[in-house]
Each structure stands twice: as structure tokens, then as C-alpha cells.
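> only geometry, no sequence info:
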Ligand SMILES: Cc1cc2nc3c(=O)[nH]c(=O)nc-3n(C[C@H](O)[C@H](O)[C@H](O)COP(=O)(O)O)c2cc1C
Ligand SMILES: CCCCCCC(=O)C(=O)O
């Protein structure tokens, strides 16, 4: 891309354009933290590759003049079935940070999930993006009182659900961060904590984030902690990071009202299945009792369509929002979301779906359907 075009948003047609821009402009250790997966990064790659192995089977000559993407999730109305997944330290991408990301989501009628490890406090995000439906992602600290305080604060600030991340009891092996001795830039801090919990710790052995997590997070969390969480909050609980049917059923038994199929963007267990590979077994097991959501590798409206047709109620993006933020803050995230909405509506039109309920499971097949010989 010519240098003079590097910041010309008119050229930014796809999520890939924003990713390319972020790769050229973000400081190396921030970029590596955002983009990397764990270990050999097979799951990271597979998240996107698995979508390319699915084919969409279109239906012709159906009236699609009023294409509608509205949906209702946990009793809340949304204009689109796409939301923003939690990601830590968003101010490293742009000073607009979490507030910009949340405002962008709200501007297109999408839900925004704030990370426990945000660089803006949950109260500031609530004040800065009052018109956005916000959910709060929770990591369970060894200090349960600290966890309880976070939950109460999220309730008071108007967050509408808790998203408990269950695939990060142990820190994934992220070699790029270890090599870079990754550290949050010194002008930033974790917004939700006032004392030393707001800063990274000793990084003499590699990533400062890893040192922080090892000290603060509880490796011993179990299903009974979901029950405990239910005793301290009235907010609906979504469990994020489920990849197999049995865990989905256990999550429901313990009170979860939503299951997010996710492998943490390939950043935790390397060689775990891709999210879209895992989705069908979970949808089947859950059998409509609770909502199933998905994130991981979603980069095109066709990916959104595939996940919805295979039974996800809502589909989330992690890195694409960070690439939008890196490009032009709130505006950039909004553009990324608009691209995905436009691609989704285009796909719906070409497949013959006027509304989300028109999507059928057999509109999406594995490519082997066409390559039987
Ligand atoms: C830089 C980064 C930070 C993340 N931080 C969190 C976090 O704080 N809490 C969490 O539950 N998931 C976190 N995730 C995982 C995302 O919520 C999400 O599962 C993943 O990014 C989805 O994959 P995608 O990036 O391919 O869309 C993070 C992901 C990235 C890329
Ligand atoms: C135990 C994993 C916690 C990682 C904290 C931030 C995050 O979720 C991510 O970097 O990914």
C-alpha cells in the first residue's frame, strides 16, 4: 500500500485491511501480544482455516428485500447478532481504548463485553458508553473478596450479564510474549484495581502478564465456583471457553444461562479444536435449553452466517475490534463492525434469508460434501 494511502479509510473494505494496517503501525510487543496464539499456534490458525472448509448452500428466488438482523438474547434486544468479545488492555491499541470500543459496539446495536483486565475502570466504561449494552467478563482471583467486589461493582454500574472465562485457569504458553518480556506500557494500568494489582509484576522470567496471572488468578477454580458466583449475583452467567458437550451440560447444571464456545482465540490450549469445529456438538447437547454463542476466527460476514446457521445465537469478534481500534479508535471499530454487518446482509440476500430465523443448518456443509471421490 502506498504510504499516502496508509490512513485512507476509503480503501478499508474488509477486516483484513484493518489487520494489515495494525500490523504496520502497532509497536512490536503490543502487536505480538494481540496477534499471537499459544505454542505452535495451530488452534489460532485453525480458527480461521476451519471456516474456509465450510461451504454455504444458497437457496434461489426467495424474497430477501427486507433483510433483518435483529435478535433477542437473554431478554435483551440487539440490532445485530455480532458482539465484541472481551480483550485485555485495549488502550495499548489506541487512547480511545475500552470506551471507544464499547461506544462503537453500541452505535451499531451490538453488545460489548468488558475484560476484567481493562485499561479503563468498569465504571468509566459505563459512564463513557451509556447507550451500549455491556456485559462484564470475570476472571476469578485467588482473593474471592476481590472477585466479589468486582461483581458488585459491575452490577451497580449497570452491566447486564457476567461472562465467566473458564479456559484460562492456567496461563497459555505464549512464546512471543516471553521473548519480548511483554509489559504493559508504563503510562497504562489495569483500570479496575487501585493498588499493586493494577500493575504487572517482575518480568525477569519473561512476560510480566504471566507473572501477574500466576500470582493473582486461581488455578484451582472448579464448577462449584460457578454455583458460588450464582449465590453472590442476580446477573445472568455466561460461561466462556467451553469446547465439549459434557462441559456445556455441566455449565447448565451449575446455573449458566449462556455458553460461549471459544478457545480464547487460540491463546490457551494449543491444538484444541477450532470454535466452529466445536460448535455443532455443543448445540446438539444443549438442545435449545440455553443460548450458545461463538467466538474465534470470525473475519467475514460469511463466517458469521456459518456460525449462526449451525446454531450459534450470537457471534463475537476479538482481534478484529482491536485492529479497528488501532486504525482510528472508536471510528475504526465502528467501521469493522459495519463491514461485518454489510457482509452478513449480503450473504443473507444471496443465500435467501430475510431474517435470522430463515437460516437452516443444512445451508452449511463441510467441503467433503462436494469431494466424496
Ligand atoms: C489481545 C487479547 C486479549 C484477550 N483478553 C481476554 C480477556 O481479558 N478475557 C477473556 O475472557 N478473553 C480474552 N481474550 C479472548 C477473546 O475474548 C476471544 O475469545 C478471542 O479473541 C476470539 O478470537 P478472535 O480474536 O479470533 O476473534 C483475549 C484475546 C486477545 C486477542
Ligand atoms: C490466564 C490467562 C489470562 C490472560 C489475561 C488476558 C487474556 O485473556 C489474554 O491475554 O488472552
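Good, I have the coordinates. Please read all numbers here as calculations on a predicted model, not as lab measurements. Numbers count the residues shown, from 1 in each chain. Ligands and ions are numbered 1, 2, ... in the order given.
> residue contacts, whatever residue of the stretch 251-373 of the chain ends up closest to ligand 1?
Here the stretch 251-373 of the chain gets closest to ligand 1 at one residue, residue 318, 2.1 Å apart by C-beta to the nearest ligand atom. (Glycine included, C-beta is placed from N, CA and C.) Residues near residue 318 by C-beta atoms under 8 Å, 6 or more residues apart in numbering: 84, 85, 86, 87, 265, 295, 296.
> tell me the one of those nearest residue 211?
Proximity to residue 211 was ranked across those by C-beta to C-beta; first place goes to residue 87, at 19.7 Å.
> name the helix or strand for the closest one, please.
In this structure, residue 87 is located outside every helix and strand according to DSSP states H and E.
> for it, phi and psi?
Backbone torsions for residue 87, taken as degrees, to the nearest 10, come to phi -140, psi 140.
> what parts of the stretch 251-373 of the chain come near ligand 1?
By the criterion of C-beta under 6 Å from any ligand atom, the positions of the stretch 251-373 of the chain lying close to ligand 1 are 262, 264, 265, 267, 295, 296, 297, 298, 317, 318, 319.
> want to throw the residues you listed into CSV with pLDDT and secondary structure?
Compiled in CSV, those are given as follows (pLDDT from 0 to 100; DSSP: H, G, I helix; E, B strand; the rest coil):
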residue, pLDDT, secondary structure
262, 99, coil
264, 99, helix
265, 99, helix
267, 98, coil
295, 99, strand
296, 99, coil
297, 99, coil
298, 99, coil
317, 99, strand
318, 99, coil
319, 99, helix
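> which ones, among those, also lie beside ligand 2?
Judged by C-beta under 6 Å from any ligand atom, the overlap between those and the neighbourhood of ligand 2 comprises 264, 267.
> related to what we said a few turns ago, so which of the contacts of residue 318 is the most crowded?
Of the contacts of residue 318, residue 296 is surrounded by the most neighbours, 36 neighbours in total, counting by other C-beta atoms under 10 Å.
> excluding its backbone neighbours, what's nearest that one?
Closest residue to residue 296 apart from its sequence neighbours, by C-beta to C-beta, 6 or more residues apart in numbering: residue 275 at 3.4 Å.
> test my guess that the one you found contacts residue 264.
No. Residue 275 is beyond contact range of residue 264, at 9.7 Å (criterion: C-beta atoms under 8 Å).
> okay, and the common contacts of the two?
With contacts defined as C-beta under 8 Å, 6+ apart, the residues adjacent to both residue 275 and residue 264 are residue 296.
> this completes my enquiry, with thanks.
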